[in-house]
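A.B. asks: Sequence and predicted structure, then a few things I'm wondering about:
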Amino acid sequence: MNVQYSRGCPFNCEFCDIIEIYGRVPRTKSNEQMLYELEALKATGWKGLVFIVDDNFIGNKRTYGSLCPT
């Protein structure tokens, strides 16, 4: 199962179409939204693997840290 954390990317790589689909501005979900979605999966009975999906983790370094607070 996949849970998407962010969309968009500031880069213009010739092999990638993320900016065509989601734009150049990275948008991320809040920690609360991520927890809500994970709890919703749990409520459905999901007990398998969960992958955190991101268009480009390095595209928004400032926000990436909020996914894994210290």
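C.D. replies: Done, it's in. Numbering: from 1, shown residues only.

A.B. asks: how many other residues sit next to Ile21?
C.D. replies: Burial of Ile21 is recorded as 11 neighbouring residues (other C-beta atoms under 10 Å). For the C-beta atoms, the positions are set from N, CA and C on the backbone; glycine is no exception.

A.B. asks: going forward, begin numbering at 17 instead of 1
C.D. replies: New numbering, starting at 17: the last item is Ile37.

A.B. asks: Quick one: classify the residue lying farthest from the centre of the chain as helix, strand or coil.
C.D. replies: Distance from the C-alpha centroid of the chain peaks at Gly61, with 22.2 Å (C-alpha atoms, centre = their mean). In three-state terms, and counting by DSSP: H, G, I helix; E, B strand; the rest coil, Gly61 is coil.

A.B. asks: List the residues that contact it.
C.D. replies: Residues in contact with Gly61, defined by C-beta atoms under 8 Å, 6 or more residues apart in numbering, are absent; none qualify.

A.B. asks: now swap in Val19 and tell me
C.D. replies: With C-beta under 8 Å, 6+ apart as the criterion, the residues that contact Val19 are Met50, Glu53, Leu54, Leu57, Val66, Phe67, Ile68, Val69.

A.B. asks: Just to be sure, it is in a strand?
C.D. replies: Yes. Counting by three-state DSSP, Val19 is part of a strand.

A.B. asks: Tell me the spacing between it and Gly39.
C.D. replies: Per C-beta to C-beta, to the nearest Å, Val19 is found 20 Å from Gly39.

A.B. asks: For Cys32, give me its contacts.
C.D. replies: Contacts here follow C-beta under 8 Å, 6+ apart; on that basis Cys32 touches Cys25.

A.B. asks: And it, how far from Ser46?
C.D. replies: For Cys32 relative to Ser46 (C-beta to C-beta), the value is 26 Å.

A.B. asks: Is it correct that Leu65 is in contact with Met17?
C.D. replies: Yes. When contacts are counted by C-beta atoms under 8 Å, Leu65 is listed as touching Met17 (7.0 Å).
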